[in-house]
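Chemist: Model the structure of this input:
(4 chains)
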2 protein chains.
Amino acid sequence: MSVISRDIAHDAAPRTQAERSAQSDAAMIEAAKALILERGTEKTTLQLIGERAGYSRGLASYRFGTKAGLFQAVGKSILRHWMSHLDKAVDGQVGIDAMCAAAEAYRRFIEKWPDEIRVLHILLCEAASPRSEFRQIADESYQRQREDVADWVRRGMDQGTVRSDVDPRSEGARYVAYISGMTYLWLISPDAIDWQRVNDDFRGQIRRTLAP
Amino acid sequence: MSVISRDIAHDAAPRTQAERSAQSDAAMIEAAKALILERGTEKTTLQLIGERAGYSRGLASYRFGTKAGLFQAVGKSILRHWMSHLDKAVDGQVGIDAMCAAAEAYRRFIEKWPDEIRVLHILLCEAASPRSEFRQIADESYQRQREDVADWVRRGMDQGTVRSDVDPRSEGARYVAYISGMTYLWLISPDAIDWQRVNDDFRGQIRRTLAP
DNA sequence: ACTCGCTTGCTTGTTGACAACAAGTAACTT
DNA sequence: AAGTTACTTGTTGTCAACAAGCAAGCGAGT
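Modeler: Okay, here's the model as predicted:
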């Protein structure tokens, strides 16, 4: 067992079972992301995913159980990425500052990893369908984001940097709806959205609406 | 050929071919709406649609060509309904008045025909997927709505009822994104959105942001 | 008004693609 | 060497799409 072959990520022939499965899982999730971008979820088949990842047609189904299960794994992986990016950017700020920092973090995330946001939003959109297996993940994610914003507003009110006659939960819902809707419009017609300007206007609106 | 049987809409046994096909088309579109609400588009089959409409498993495919073709017909039919409702409500108003009237018309539409909006938005969400056959319809619809709002803003600026330093197109995009995002959040967690309050706050925000 | 040939509405038969699962083989582990 | 895990191949049932046929309207010529 050479140290060299162990240290190379995505080595052609990893030694341990754990490495092998982690590598094939990751390869399939990456393949799925690429295929969702090219063909959408409906026209992406488990056979295509397995084979593009360098395996057989059956592996994806064997490992993730169902097609929906695999897509959930894809979505969770992107959500984790975004959440950690967001946490770093907000970093304890509250009130209008936190809201603006989060909007700016989203703009930077889209600039750096546009495909991640495209895939995530395609999956989130599918959650709108009844009986969608992604529904719960989308619901929890949006609920958490609404509550986070509501919390920033509440703390801003405590600080006195936010008007005292607003409803934090309503502001949270409007904030999240706005980001989500803009992302949707960007997916539908990418050239119609100038994220830099949209973000500037959005932050201006937040100040105008919430500042005392 | 009795006059009586001709005049009864959805007669059990319509006489002319045109009547027969119009009736079966309408029945299948209604069946599709109900099934999309119950099961989502993916788990709705052409067989279920045909049979719920009172026909065979093959008719939907024969008449609309493809499953996507049928869903396009469903979407167009709901969009026509909403557009005519909107036109009546706005009725030549411009500026902030038009924007508030449109938001209020949307609230009333959702109150009266929530299922229509649910089905429409499920279809619009699917348009986010690449290669979706509903993409073009969604794009045109949202583009037109953005332009309508931008036009209201422009005319409001001419009148002097809207601040002169705003960008009409940016306001249009934000308005549409907001409505679309809110509708999405309502689909994902219906109880989280109080449309009356959301609308009141939205209209307040429009005035606060756009009034000179 | 009648009917014969044409058109249109609708159904049933069939094919190929697909997800899901079962059963097997090969790679690792202790 | 025995057991566990990674992966592949075989199979089944469901589905969309299409093709071929039957039956219900329709219209021109008598």
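Chemist: Pick out the residue in chain A sitting closest to DNA strand D.
Modeler: Closest contact between chain A and DNA strand D, by CB to the nearest atom of the strand, is at A:Gly58 (2.7 Å). The C-beta positions use only the backbone N, C-alpha and C, and glycine is treated the same way.
Chemist: Quick check: the gap between that residue and B:Pro130.
Modeler: Per CB to CB, to the nearest Å, A:Gly58 is found 26 Å from B:Pro130.
Chemist: for A:Ser77, phi and psi?
Modeler: Main-chain torsions, A:Ser77, degrees, to the nearest 10: phi -60, psi -40.
Chemist: Any stretches of chain A with poor pLDDT?
Modeler: Across chain A, the ranges flagged by pLDDT under 70 are A:1-14.
Chemist: Could you list the contact residues of it toward DNA strand C?
Modeler: Selection of chain A residues close to DNA strand C by CB under 7 Å from any atom of the strand yields A:13-17, A:20, A:43-47, A:58, A:61-62, A:65-68.
Chemist: Near chain B, list only the ones from those residues.
Modeler: Counting by CB under 8 Å from any CB of the partner chain, A:Lys43 from these sit close to chain B.
Chemist: From the residues of chain A next to DNA strand C, keep the buried residues only.
Modeler: Neighbour counting with 16 or more other CB atoms under 10 Å in any protein chain shown marks A:14, A:44, A:46, A:61, A:67 as buried within the residues of chain A next to DNA strand C.
Chemist: Next step: these restricted to strands.
Modeler: Here DSSP state E is the test, and those give no hits in strands at all.
Chemist: Now distance to A:Gln136 too, for the residues you listed, in TSV please.
Modeler: Shown next, in TSV, are these (distance: CB to CB, whole Å):
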residue	distance to A:Gln136
A:Pro14	33
A:Thr44	21
A:Leu46	22
A:Ser61	21
A:Lys67	17
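Chemist: out of these, which are inside helices?
Modeler: Applying DSSP state H to those, the entries found in helices are A:46, A:61, A:67.
Chemist: Could you find the closest non-adjacent residue to the first one?
Modeler: Spatial nearest neighbour of A:Leu46, chain neighbours left out: A:Ala60 (4.5 Å); criterion: CB to CB, 6 or more residues apart in numbering or on different chains.
Chemist: Same check on A:Trp152?
Modeler: Using CB to CB, 6+ apart, the nearest residue to A:Trp152 is A:Ala98, at 4.0 Å.
Chemist: Please report how far that neighbour lies from A:Arg208.
Modeler: A:Ala98 sits 17 Å away from A:Arg208, going by CB to CB.
Chemist: neighbour-wise, which of those two wins?
Modeler: A:Ala98 (21 against 11; other CB atoms under 10 Å in any protein chain shown).
Chemist: ok, the more buried one - contacts?
Modeler: By CB atoms under 8 Å, 6 or more residues apart in numbering or on different chains, A:Ala98 lies in contact with A:90, A:152, A:156.
Chemist: Which strand or helix spans it?
Modeler: Secondary structure from DSSP states H and E places A:Ala98 in helix A:95-112.
Chemist: What residues sit buried inside that helix?
Modeler: Within helix A:95-112, the residues that count as buried by 16+ other CB under 10 Å are A:95-96, A:98-103, A:105-107, A:109-110.
Chemist: which non-adjacent residue is nearest the spatially most central residue of chain A?
Modeler: Geometric centre of chain A, nearest residue: A:Leu79, 3.8 Å, by CA atoms, centre = their mean. Sequence neighbours aside, A:Ser141 is the residue nearest to A:Leu79 in space, at 5.9 Å (criterion: CB to CB, 6+ apart).
Chemist: List of residues touching the helix or strand where the one you found lies?
Modeler: For A:Ser141, the host element (DSSP H and E) is helix A:135-159. Residues outside helix A:135-159 that contact it (CB under 8 Å, 6+ apart) are A:72, A:75-76, A:79, A:93-96, A:98-99, A:102, A:123-124, A:127, A:129, A:162-164, A:166, A:168-169, A:171-173, A:175-176, A:180, A:210, B:185, B:188-189, B:192.
Chemist: Run the contact check for stretch A:71-86 versus DNA strand D.
Modeler: No: Stretch A:71-86 lies apart from DNA strand D when judged by CB under 7 Å from any atom of the strand; the minimum separation is 14.0 Å.
Chemist: so how far is that stretch from its chain's centroid?
Modeler: Relative to its parent chain, stretch A:71-86 has a centroid offset of 5 Å by CA atoms, centre = their mean, to the nearest Å.
Chemist: try stretch A:51-69
Modeler: Put simply, stretch A:51-69 sits 22 Å off its chain's centre (CA atoms, centre = their mean).
Chemist: How about stretch A:162-173?
Modeler: Relative to the chain's own centre, stretch A:162-173 is displaced by 25 Å; criterion: CA atoms, centre = their mean.
Chemist: And for stretch A:151-160?
Modeler: Taking the mean of its C-alpha atoms, stretch A:151-160 sits 26 Å from the chain's own mean (CA atoms, centre = their mean).
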